[in-house]
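A.B. asks: Fold the following.
(one chain, ligands or ions: 3)
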Amino acid sequence: MANPTLLILPGDGIGPEVMDQVKRVIDWFGDKRGLAFDVEEDLVGGAAYDAHGTPLHDDTMKKALKADAVLLGAVGGPKYDNLDFSVKPERGLLRLRKEMDLYSNLRPAQCFDALADFSSLKKDVVAGLDIMIVRELTSGVYFGEPRGIFEEGNERVGINTQRYTEGEIDRVARSAFELARRRNNKVCSMEKANVMESGILWREVVQKVHDEDYPDVELSHMYADNGAMQLVRAPKQFDVILTDNLFGDILSDCAAMLTGSLGMLPSASLGAPNADGRPKALYEPVHGSAPDIAGQGKANPIACVLSFAMALRYSFDQGDEATRLEQAIEKVLADGARTADLMGPEGGTPISTVEMGDAILSALDASL
Ligand code: NAD
Ligand code: IPM
Ligand code: MN
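C.D. replies: Ligands and ions are numbered 1, 2, ... in the order given. Take a look at the predicted model:
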């Protein structure tokens, strides 16, 4: 049988730096676990703009649609801030999500024991934390029409539209309920039904999907602003949080700090299953291109490596190997390996991106 295919899009800033460590991990699984992938690499974001004048070439889009999974580093950076909106690096990523129809974005926030002291919150608030944010990814205010900057009288007006169809809410709700059944069986849905009609529809549809097909899952609803507060006050009350595109973007960055660093948070963006049962899928860290540390060898590669672990689990049915990789990372952290973003109260000397990669590979070797 042909090897599964991976399309790697390192992108900009620290994207290529952290992806280099993922490539080493992919090679390790090929060499030591007989899990060979056919890997192809291409450009996205500013790197694609520099080469082709567009943040995502049509050929790259085609490759992404054909690949069994796509791994992405990060896009964007100050060099591209003044480009025309239509060719900004972020448009490349949004096009991938939209055309691959990756409507369900899984953003797990887990606090590793070794990092429980590193959160900006008290240790007992975050120790043992394991929550999953399910963010709707292909609709809402990111994509709704009308949008744009228009002349209105003697001034301009900037418009974006929050828009959700019942079908869009229904399908992402199902993915959250399915996940909850494999976890602690609880979903908290967050919107602002108190001020937004799209929030009223969201709440109704989520409740209906629950009552008809997932009555065994515990469902609650919360206004998203309260949700943000509760995430910081008592995050362990949650299991799965289901929310829209924009609230999910913000709440997941907030959840990142519960784990110690944004450099720790992976994500999986999943679409409907193909004929072979594999979902269309893109895996990427939650963080961005981190221009403030790019090119300095300081970036934490763990979010990107953990995103590959999610690929092993959700695209390739290799849950045991995903756990092996997650446990290797847990061991590395327990042994005290820390990139600069993980300098907690005790201080110490940070290691580089490549040294963190070395440590992960040694821990993988030790797992055999
Ligand atoms: P950012 O996530 O790039 O950085 C925020 C802060 O976190 C910075 O201080 C950075 O140094 C730190 N950080 C992030 N990842 C880290 C890592 N792996 N290791 C250590 N520290 C890390 O967010 P930003 O600065 O608001 O955005 C920078 C650019 O990235 C923008 O162009 C933005 O649009 C883009 N962005 C892209 C993605 C993506 O590609 N998925 C996500 C978010 C932001
Ligand atoms: C993310 C990022 C993206 C988003 C940007 C870069 C398009 O912030 O993946 O969290 O807003 O979705
Ligand atoms: Mn974001």
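A.B. asks: For the residue of the stretch 101-250 of the chain found nearest ligand 1, which non-adjacent residue is spatially closest?
C.D. replies: Minimum separation of the stretch 101-250 of the chain from ligand 1 (CB to the nearest ligand atom) falls at D249, amounting to 8.4 Å. Every residue, glycine included, has its C-beta placed from N, CA and C. The shortest distance from D249 to any non-neighbouring residue, by CB to CB, 6 or more residues apart in numbering, is to R135 (6.8 Å).
A.B. asks: which stretch of helix or strand covers that neighbour?
C.D. replies: Counting by DSSP states H and E, the element that carries R135 is strand 130-136.
A.B. asks: Could you list everything R107 pairs with in the sheet?
C.D. replies: Counting by DSSP bridges, R107 is bridged to I133.
A.B. asks: before we move on, what SS does I8 have?
C.D. replies: strand (DSSP: H, G, I helix; E, B strand; the rest coil).
A.B. asks: Can you tell me how far it is from ligand 2?
C.D. replies: Applying CB to the nearest ligand atom, to the nearest Å, the value for I8 to ligand 2 is 17 Å.
A.B. asks: where does Y314 land on pLDDT?
C.D. replies: Looking at Y314, its pLDDT reads 96.
A.B. asks: Give the buried residues for the strand holding R135.
C.D. replies: Neighbour-count burial for strand 130-136 flags I131, M132, I133, V134, R135, E136 (criterion: 16 or more other CB atoms under 10 Å).
A.B. asks: Just the residues contacting that strand, thanks.
C.D. replies: Applying CB atoms under 8 Å, 6 or more residues apart in numbering, the contact partners of strand 130-136 are 103-111, 164, 168-169, 172, 175-176, 179, 183, 235-236, 238-245, 247-249, 251-252, 255.
A.B. asks: try it again with 7 Å
C.D. replies: The contact list for strand 130-136 (CB atoms under 7 Å, 6 or more residues apart in numbering) reads 103-110, 168, 172, 175-176, 179, 183, 235, 238-245, 248-249, 251-252, 255.
A.B. asks: Could you check it against ligand 1 for contacts?
C.D. replies: No. Counting by CB under 6 Å from any ligand atom, ligand 1 has no neighbours in strand 130-136; the shortest distance is 12.1 Å.
A.B. asks: Adjust the sequence numbering to begin at 50 for everything that follows.
C.D. replies: Fine by me, first position is 50 from now on; the one you just mentioned is strand 179-185.
A.B. asks: C-alpha coordinates for that strand, PDB please?
C.D. replies: The C-alpha trace of strand 179-185 is given here as PDB (Å, rounded to 0.1, in the frame of the first residue of the first chain):
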ATOM      1  CA  ASP A 179      -7.400  19.000  30.300                       C
ATOM      2  CA  ILE A 180      -9.900  20.900  28.200                       C
ATOM      3  CA  MET A 181     -10.800  21.000  24.600                       C
ATOM      4  CA  ILE A 182     -12.000  24.000  22.700                       C
ATOM      5  CA  VAL A 183     -13.900  23.200  19.600                       C
ATOM      6  CA  ARG A 184     -13.900  26.300  17.400                       C
ATOM      7  CA  GLU A 185     -16.100  26.700  14.300                       C
END
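A.B. asks: residue contacts, the residue in the chain that ligand 2 sits nearest to?
C.D. replies: Residue of the chain nearest ligand 2, by CB to the nearest ligand atom: E139 (4.0 Å). Neighbouring residues of E139 by CB under 7 Å, 6+ apart: V124, G125.
A.B. asks: can you pull the pLDDT of it?
C.D. replies: 98.
A.B. asks: is it true that it lies in a strand?
C.D. replies: No. Applying three-state DSSP, one finds E139 to be helix, outside a strand.
A.B. asks: Need the contact partners of the helix ranked longest in the chain.
C.D. replies: Longest among the helix segments of the chain by residue count, using DSSP state H, is helix 64-82. Contacts with helix 64-82, where a contact means CB under 7 Å, 6+ apart, come from 57, 59, 84-86, 88, 120, 122-124, 334, 338, 346, 348, 350, 353-354, 357, 370, 374, 402, 405-406, 409-410, 413, 417.
A.B. asks: is ligand 2 contacted by it?
C.D. replies: No. Helix 64-82 stays clear of ligand 2 (CB under 6 Å from any ligand atom), getting no nearer than 11.2 Å.
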